[in-house]
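A.B. asks: How does the following fold in three dimensions:
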Amino acid sequence: MAIDYTDAQLQSLMDAIYQRYSYDFRDYSAPSQRRRLNHALDRLHCASLDELRQRVLKDAGAFGQLLQMLTVPVTQMFRDPEFFLALREQVVPVLRTYPSPKIWVAGCCTGEEALSLAIILHEEGMLERSLIYATDINPLVLDKARLGVYPLLNMEQYGANYTAAGGLGSLEEYYTVEHATARFDARLLDRINFADHSLATDSVFAETQLVCCRNVLIYFNKTLQDRALGLFHESLCHRGFLGLGSKESTNFSAFASEFEQQPGPEKLYRKRSALSAQRSETRPKPRQSEQQN
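C.D. replies: Numbering: from 1, shown residues only. Okay, here's the model as predicted:
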């Protein structure tokens, strides 16, 4: 049963977490926070949000449990295969022109998306000269990501995704079976740098040609979405690419004029040049009647 609490109590908890542990959830989407906190109250057997606040401040172990619930890991290899097919067809030919392409996977969770990109780069003959930065705020999922070991029962779905995403072989070529798990090849993991990074508090750490941050912005409020998009814009090189989730967009953000969507339905954007961004800002906006037509 959901426990009632005020917005002020929720904000007090997030402020306390930030002050005590330096994890900043203050600008995460309130509806998403409430769903996850209701689950946490039940799992941690707390009768109120104030009780949960006192518990996590006194017990780092309890905060570690809460952190897993505030950052629910949901991911797949080649999730939304059409996106990865568009990436292979539209972005890889441009990445190929760089001597050492660099990719940032923000909110990498347990690493499946970073591995998917590594496989594409391998099949396109680019892996050995490429580097993937995969970042997340959750240390436990980063530890799992570094291992590259996943339940074997997931491989049927991952393999189907891989094929639909334009895979050139079989996903089985990239892992070995160990009991009930699939261990992915070290040749893939060696080109991925897994690291702790917060889109809420940290700054840009490298210039990249592609940023993938899919199904992360939906958990942020507008303030934090704009901050994250600002980091991506700063990180991307001239005319670099940005990949977002199917329900995410740069539209109506502070950086709407800084990105142009690529052809097709996928949320794949390209950083505008300074001149084209300036022209976009000065272009007359359609009247309301035109927008409705």
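A.B. asks: Show me where the chain dips below the pLDDT cut-off.
C.D. replies: 1-2, 73, 274-293 (pLDDT under 70).
A.B. asks: Helices of that one, start to end?
C.D. replies: 7-21, 30-43, 49-58, 60-70, 81-86, 92-95, 112-123, 139-147, 155-164, 186-189, 222-235, 274-282, 288-292 (DSSP state H).
A.B. asks: mind listing what the nearest residue to Gly111 once chain neighbours are set aside touches?
C.D. replies: In space, and not counting its chain neighbours, Gly111 is closest to Ala145: 3.0 Å by C-beta to C-beta, 6 or more residues apart in numbering. (C-beta placed from N, C-alpha, C; glycine too.) The contact partners of Ala145, taken as C-beta atoms under 8 Å, 6 or more residues apart in numbering, are Cys108, Cys109, Thr110, Gly111, Ala114, Ala134, Asp136, Phe194.
A.B. asks: how about a cut-off of 7 Å?
C.D. replies: Contact analysis of Ala145 by C-beta atoms under 7 Å, 6 or more residues apart in numbering lists Cys108, Thr110, Gly111, Ala134, Phe194.
A.B. asks: circling back to that earlier point, right, so the helices of the chain: which one is the most enclosed?
C.D. replies: helix 112-123 (a mean of 25; mean count of other C-beta atoms under 10 Å).
A.B. asks: which residues make contact with it from outside it?
C.D. replies: Helix 112-123 has contacts (C-beta under 7 Å, 6+ apart) with 75-79, 84, 87-88, 92, 103, 105, 108, 127, 130, 132, 134, 148, 168, 174, 184, 188, 191-192, 212, 214.
A.B. asks: Buried among those? Make that a ChimeraX selection.
C.D. replies: Filtering these down to the buried ones (16 or more other C-beta atoms under 10 Å) takes a single ChimeraX command:
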select :75,76,77,78,79,84,87,88,92,103,105,108,127,130,132,134,148,174,184,188,191,192,212,214
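A.B. asks: Take the contacts of helix 112-123 and keep only those in strands.
C.D. replies: Ile103, Val105, Ile132, Ala134, Phe184, Ile192, Cys212 (DSSP state E).
A.B. asks: farthest pair in those?
C.D. replies: Pairwise distances across these (C-beta to C-beta) peak at 18.1 Å, for the pair Phe184 and Cys212.
A.B. asks: follow-up on the earlier one: out of the ones in strands among the contacts of helix 112-123, flag the one nearest to Gly240.
C.D. replies: For these, with Gly240 as the reference and C-beta to C-beta as the criterion, the closest is Ile103, at 9.9 Å.
A.B. asks: Surely that closest one is in contact with Thr135?
C.D. replies: No: checked against C-beta atoms under 7 Å, the pair Ile103 and Thr135 is beyond contact range at 11.4 Å.
A.B. asks: Go through this protein and flag its longest strand.
C.D. replies: strand 236-244.
A.B. asks: packing partners for it?
C.D. replies: Secondary-structure packing of strand 236-244 (3 or more C-beta pairs under 7 Å, 6 or more residues apart in numbering; DSSP states H and E): strand 208-213, strand 268-271.
A.B. asks: From Phe184, how far out is the residue nearest to Gly111?
C.D. replies: With distances taken as C-beta to C-beta, to the nearest Å, Ala145 is found 10 Å from Phe184.
A.B. asks: What separation is there between Asp136 and Arg146?
C.D. replies: Taking C-beta to C-beta, one finds Asp136 at 11 Å from Arg146.
A.B. asks: Then Ala180?
C.D. replies: Relative to Arg146, Ala180 is positioned 20 Å away (C-beta to C-beta).
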